[in-house]
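Trainee: how would this look folded up:
(chains A and B)
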Amino acid sequence: MSITTVPNQSDMVDLISSHLDLEGPLLPILHALQHAYGYIPAAANALIADALNITKAEVHGVISFYHDFRENPAGKHVIKICRAEACQSVGGTALAQDTLKKLGLDWHQTSANGAITIEPVYCLGLCACAPAVMVDDQLLGRVDGAKMDAVLKELGA
Amino acid sequence: MKIYVPLDSAAVSLGADAVADAIVAEAAARKIDVQVIRNGSRGMVWLEPLVEIETDQGRVGFSNVDASQAGALLDGKLSSLGNVEDIPFFARQTRLTFARCGVIDPLDLDDYQAHGGLTGLRRAAAMTQDDIVAEVTASGLRGRGGAGFPTGIKWKTVSDAQADQKYIVCNADEGDSGTFADRMIMEGDPFSLIEGIAIAGLGVGATKGYVYLRSEYPVAIRVMRAAVDAARQGGVLGADVLGSGRAFDMEIRVGAGAYVCGEETALLNSLEGKRGTVRAKPPLPALEGFLGRPTVVNNVISLASVPVIFEKGADHYASFGVGRSRGTVTLQIAGNVKQGGLFETGFGLPLGELVNDIAGGTASGRPVKAVQVGGPLGAYMPVSKFDTPLGYEEFDQNGGLIGHAGLVVFDDSADMLQMARFAMEFCAVESCGKCTPCRIGAVRGVETIDRIAQGDADAIPLLTDLCDTMKDGSLCALGGFTPFPVMSALTHFPDDFPAFKEAAE
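Mentor: This is a model prediction of the structure:
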């Protein structure tokens, strides 16, 4: 995860402006902000609303609709464990439950040392080599307990 | 020496990047001249990372290669599978849409053309709009995203519409569990999708295309973006498509983790920068789609099948299949199976042959209990329905749907009440919230199934009634089809529903 430069108003305005020639620029803008800061800073809301001539409520409505967008920084690393059917058919549910238990976390929570945020994901398209996990941008297939332990150790859980 | 190491997500998730790096390093250490090509996947996922070495006898495969084996591979000390195209799983397929996937370098436009690429687009560029649409109609191609709507009819509606701007939108929001064909073709043969979208543009008079690609597919996003750049540089996209004098260009857009955006009207809202809520139809997207303009919304596999239809002719494509399901189906075999992966074949193969014979039964070695066909909104098919041939109407008659043609196999350890509960839970998490049967019904569905689990027999007719309401009253397939997995689990696996058993006793 790209963590995190302190949001600076003129940087955000530049970043927003660079997308204004697109048709339907809002999602690309939100992705760009999250890529730059690791989350969508609250201060960006009014800037986006102003640039796109929509209300702040509409901007908030879009941000809060999509699972990907965060309004607060995540942990240093994000682990996404697939909860969907194909992963369930080969032990994905137990893998997820064991991992949550080891970390003492529930879905969407971040470990106390800030190292790991854990999230569910519904399908990574790795259904023929399940259970599947995504650690930041890295894909992992056929994940078992031992592989997960190695990941957690490496990330400093 | 040419060595192929897949860049496909499945291979990468099993260590292919490290294997490729190790091969380069070991080759350098041995002073051997090696060219490592990152190809797509052949679709035999249980063999990944499947490394291939080009020889006089064809491409010889090595399965489940680990980075530590790179030296042995180069020294000829690894045992091979022989020619990969002779592996029975691969040899018995009919590869039309996936003909190049795994074979070529996905980002090499010359390699693409050397394998028949752009032949279709060149032919289409010399045809009138009406002739292009007629060719697609004659092929019998139906929407591969799940709905099975005839592609030619959709294109004709957009072609006949009058507007200053029309669009092609490719639905690459492949969120169904058990499906990965869209991902594989985008990673393994992106130009075929770009070519298909360009043909659609010429066919309906659209000059701009979008691919709405889900954020969970980072590799596909990277490959598609690079391919669009290469296609633009190669004159396939731009103001003058292949010198035809006609303009077409396209952009890759990334979704943001909402399953419902795979529904076409929610997708259009999302593309416009709105919440991904479903729109009421009419108006059809074909008449009022992206930004209110006439828009073709087609799935990745539908569009990626278009080039071969124009390359080999509509009749050739339509000569495969069964009944009203023409051409090939790109099956995705997943879950608890020995041999999972992508299997392209003419429609008509019985479900059981696919599960027991081609997929080799369960990975766990336990008996098959159920197969969910068509993603999280598809029915759980019991073994008693294994003679159902894979075709749109054939599945419909047997209480199921083909959907995006993904199969998830479960062994006898699966608890079907839990699977039914999960279907409702998933619907509750992913509902866009616009219509009541889906938004409220899914939450009540979870509660009702929990009552059944606790032995409350009165909750069973309630669940059935709730499913009827969701089916009839929901605005889109999310709420409307969630009853498929729920009711099929209840109907075919009553032993897993304790209250059901008590009521019967």
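Trainee: before we move on, what SS does the nearest residue to residue B:116 once chain neighbours are set aside have?
Mentor: Distances taken as CB to CB, 6 or more residues apart in numbering or on different chains place residue B:311 nearest to residue B:116, at 5.6 Å, with adjacent residues excluded. (C-beta placed from N, C-alpha, C; glycine too.) Here residue B:311 is recorded as helix under DSSP: H, G, I helix; E, B strand; the rest coil.
Trainee: and the gap between residue B:311 and chain A?
Mentor: 27 Å (CB to the nearest CB, to the nearest Å).
Trainee: Per-residue confidence, residue 71, what does it come out as?
Mentor: Unless you meant another one, I'm taking chain A. Looking at residue A:71, its pLDDT is 95.
Trainee: other chain: chain B
Mentor: Looking at residue B:71, its pLDDT reads 97.
Trainee: in the helix or strand hosting it, what's buried?
Mentor: Assigned by DSSP states H and E, residue B:71 falls within helix B:70-74. For helix B:70-74, a neighbour-count test (16 or more other CB atoms under 10 Å in any protein chain shown) marks B:70-71, B:73-74 as buried.
Trainee: Per the annotation, how does chain A divide into domains?
Mentor: A:9-65, A:77-154 (automatic domain parsing).
Trainee: For the first one, the averaged confidence score.
Mentor: For domain A:9-65, the mean pLDDT works out to 97.
Trainee: And stretch B:146-159, by the same measure?
Mentor: 95.
Trainee: coming back round to it: nearest to residue B:62 among the buried residues of helix B:70-74?
Mentor: residue B:73 (6.1 Å; CB to CB).
Trainee: my read: the residue nearest to residue B:116 touches residue B:122, true?
Mentor: No - between residue B:311 and residue B:122 there is no contact, the gap being 9.3 Å when judged by CB atoms under 8 Å.
Trainee: between these two, who's got more neighbours?
Mentor: residue B:311 (21 against 16; other CB atoms under 10 Å in any protein chain shown).
Trainee: residues contacting that one?
Mentor: If you count contacts by CB atoms under 8 Å, 6 or more residues apart in numbering or on different chains, residue B:311 has them with B:116, B:119-120, B:123.
Trainee: Please spell out which residues along stretch B:273-281 are buried.
Mentor: Quick answer for stretch B:273-281 (16+ other CB under 10 Å): B:273-279.
Trainee: That one and chain A in contact?
Mentor: Yes - judged by CB under 8 Å from any CB of the partner chain, stretch B:273-281 and chain A are in contact via B:273-277.
Trainee: list the buried ones in stretch B:335-347?
Mentor: B:335-337, B:339-347.
Trainee: Dump the residues you listed into CSV; add pLDDT and secondary structure as well.
Mentor: Formatted as CSV, the buried residues of stretch B:335-347 follow (pLDDT from 0 to 100; DSSP: H, G, I helix; E, B strand; the rest coil):
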residue, pLDDT, secondary structure
B:335, 96, strand
B:336, 97, coil
B:337, 97, coil
B:339, 97, coil
B:340, 97, coil
B:341, 98, strand
B:342, 98, strand
B:343, 98, strand
B:344, 97, strand
B:345, 96, strand
B:346, 94, strand
B:347, 94, coil
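Trainee: Look up phi and psi at residue B:148.
Mentor: phi 70, psi 20 (degrees, to the nearest 10).
Trainee: residue ranges of the strands in chain A, please?
Mentor: A:77-82, A:116-121, A:133-135, A:138-140 (DSSP state E).
Trainee: most packed of the domains of chain A?
Mentor: Most buried of the domains of chain A, by mean neighbour count (mean count of other CB atoms under 10 Å in any protein chain shown): domain A:77-154, with a mean of 20.
Trainee: Can you give me the neighbour number for residue B:264?
Mentor: Quick note: residue B:264 (other CB under 10 Å) scores 27 neighbours.
Trainee: quick one: contacts for the residue nearest to residue B:144 when sequence neighbours are not counted?
Mentor: In space, and not counting its chain neighbours, residue B:144 is closest to residue B:301: 3.8 Å by CB to CB, 6+ apart. For residue B:301, the contacting residues are B:97, B:144-145, B:181-182, B:185, B:330, B:404, by CB under 8 Å, 6+ apart.
Trainee: Three-state assignment for residue B:301, please.
Mentor: helix.
Trainee: Next, the residue lying closest to residue A:93 once chain neighbours are set aside: phi, psi?
Mentor: Counting by CB to CB, 6+ apart, residue A:93 lies nearest to residue A:83, which is 7.4 Å off, once chain neighbours are set aside. Reported as degrees, to the nearest 10, the phi and psi values for residue A:83 are phi -110, psi 0.
Trainee: Which pLDDT value belongs to residue A:83?
Mentor: pLDDT, residue A:83: 96.
Trainee: hmm, back to that, okay if I get the residues of stretch B:273-281 next to chain A as JSON lines plus distance to residue A:49 and pLDDT?
Mentor: Below are the residues of stretch B:273-281 next to chain A laid out as JSON lines (distance: CB to CB, whole Å; pLDDT from 0 to 100):
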{"residue": "B:273", "distance to residue A:49": "12", "pLDDT": "97"}
{"residue": "B:274", "distance to residue A:49": "14", "pLDDT": "98"}
{"residue": "B:275", "distance to residue A:49": "15", "pLDDT": "98"}
{"residue": "B:276", "distance to residue A:49": "19", "pLDDT": "97"}
{"residue": "B:277", "distance to residue A:49": "19", "pLDDT": "97"}
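Trainee: Which one of those residues is nearest to chain A?
Mentor: Nearest to chain A among these, counting by CB to the nearest CB, is residue B:273 at 3.0 Å.
Trainee: For the closest one, which non-adjacent residue is spatially closest?
Mentor: Nearest to residue B:273 is residue A:26, by CB to CB, 6+ apart, at 3.0 Å.
Trainee: so the one you found makes contact with residue A:48?
Mentor: Yes - Residue A:26 is in contact with residue A:48 according to CB under 8 Å; the separation is 7.2 Å.
Trainee: returning to what we had before: how close does the residue nearest to residue B:144 get to chain A?
Mentor: Taken as CB to the nearest CB, the span from residue B:301 to chain A is 13 Å.
Trainee: What segments of chain A are helices?
Mentor: A:9-17, A:26-37, A:42-52, A:56-65, A:85-88, A:92-103, A:145-154 (DSSP state H).
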